[in-house]
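# I would like the atomic coordinates for the input below:
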Amino acid sequence: MHVRRAAALTASALTASALTASALATSVLTGLAAANAAPPGPRVEAPAPAPGTCWDYTYAQGSKSAYSGEPVDCAEPHTVETVATLDVPRDIAAKGPSSRDLVLWVDARCQPEVNRYAGVASPDIAAPGTRTWYFWYTPTGKQWKAGNHWVSCAAASVPSKERPNRPGELIPVTGSIAGAPTLSKPITFTTDYGTGTYTFRKPMTALANQPFPGNRLQNRAARFCEKELGHRKFFWYGPNETEWVAGYTAIRCYSLKKS
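This next block holds a predicted model:
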């Protein structure tokens with residue numbers, strides 16, 4: 001019994017030794033193959049289009065999350081113009097290009113960037129006009145994962161008369177909006193409250209991390225619109241709860257008073 005067990009153990013040890021030798025040989029061969037393989041190429045960057053790049057998009061094309069197709073000369077008919085690139089902070093970028101945190105961050109910045117590019121007065125609170133309706137774009141999901149964390153703000157051209165429930169529409173224009181505020185006209189909206197001119201806009205970022213504020217939002221919106229308009233002939237729109245949860249918190253003031 002003892003002899004047979006010793007023989008069995010010896011055979012087992014020999015098998016283990018053979019496997020170890022085989023694994024070592026495989027490891028050496030793998031190392032040699034890796035050493036002779038071509039080094040990995042540099043990461044391909046996905047830069048944002050430069051300010052002043054124009055695009056001839058339909059509303060559906062312009063509403064996509066990333067740029068597509070080829071730009072056109074701004075002297076030719078176009079509907080969208082790139083105005084600025086924003087580098088996304090690391091903590092927000094880590095949550096991805098579709099996160100609420102990114103929407104909140106962008107919605108507080110892109111409209112002012114478009115307004116500044118166009119030379120609009122009071123850019124931080126001025127409402128968009130016919131040439132300054134803002135769109136925003138990110139790299140593709142794959143490019144974002146590769147470390148390309150930017151947002152591109154763009155100015156879109158829209159009709160001068162809008163209705164809240166009408167599908168979006170872009171209007172072809174020529175020439176750049178850069179430093180040309182007179183090219184952008186006020187937009188009027190016809191609603192149950194009357195026909196009002198969209199005049200001021202303000203994201204309510206101070207309340208953004210709270211549940212949908214309801215009456216508190218209403219009170220703040222009314223105070224803001226009256227203060228900026230300087231009169232009480234106005235109505236305002238704000239986000240519903242679904243929009244609030246998605247990250248869109250801006251209130252919008254519409255003046256009923258003819259200028």
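
# which phi and psi does the closest residue to residue 200 other than its chain neighbours have?
Spatial nearest neighbour of residue 200, excluding adjacent residues (Cβ to Cβ, 6 or more residues apart in numbering): residue 253 at 4.1 Å. For glycine as for every other residue, the C-beta is placed from the backbone atoms N, C-alpha and C. The phi/psi pair for residue 253 (degrees, to the nearest 10) reads phi -100, psi 130.

# Would you check that residue 253 makes contact with residue 197?
No. Residue 253 lies out of contact with residue 197 (Cβ atoms under 8 Å); the separation is 9.3 Å.

# Could you check which of those two has the larger neighbour count?
Neighbours per residue, other Cβ atoms under 10 Å: of residue 253 and residue 197, the larger number sits with residue 253, 25 against 19.

# what is the more buried one paired to in the beta sheet?
Beta bridges link residue 253 to residue 200, residue 236, judged by DSSP bridges.

# Could you report the distance from it to residue 83?
23 Å (Cβ to Cβ, to the nearest Å).

# and what of residue 184?
In this view, residue 184 and residue 83 are 12 Å apart by Cβ to Cβ.

# Now the common contact residues for the two.
By Cβ atoms under 8 Å, 6 or more residues apart in numbering, residue 184 and residue 83 have these common neighbours: 118, 177.

# Residue 107 against residue 246, yeah?
No. Taking Cβ under 8 Å as the definition, residue 107 is not a contact partner of residue 246, at 9.8 Å.

# give me every residue that touches residue 253.
Residue 253 touches 127, 198, 199, 200, 201, 221, 224, 225, 228, 229, 234, 236, counting by Cβ under 8 Å, 6+ apart.

# cool, and residue 236?
Contacts for residue 236 (Cβ under 8 Å, 6+ apart) come out as 221, 222, 225, 251, 252, 253, 254.

# Number of residues surrounding the fourth one?
When you say that, I think you mean residue 251. By other Cβ under 10 Å, 20 other residues sit near residue 251.

# Can you give the distance of the host helix or strand of it from its chain's centre?
Secondary structure from DSSP states H and E places residue 251 in strand 250-255. In terms of Cα atoms, centre = their mean, to the nearest Å, the gap separating the centre of strand 250-255 from the centre of its chain is 22 Å.

# This structure: strands as residue ranges?
54-55, 80-87, 133-137, 150-156, 161-162, 187-191, 194-203, 234-237, 250-255 (DSSP state E).

# weakest of those by average pLDDT?
Looking at those, the lowest mean pLDDT belongs to strand 161-162 (a mean of 87).

# And residue 97, what's its pLDDT?
95.

# for residue 34, that is, sorry about that
40.

# how much space is there between residue 137 and residue 161?
27 Å.

# which of those two has more neighbours?
Set residue 137 next to residue 161 and count neighbours by other Cβ under 10 Å: residue 137 wins out with 24 against 12.
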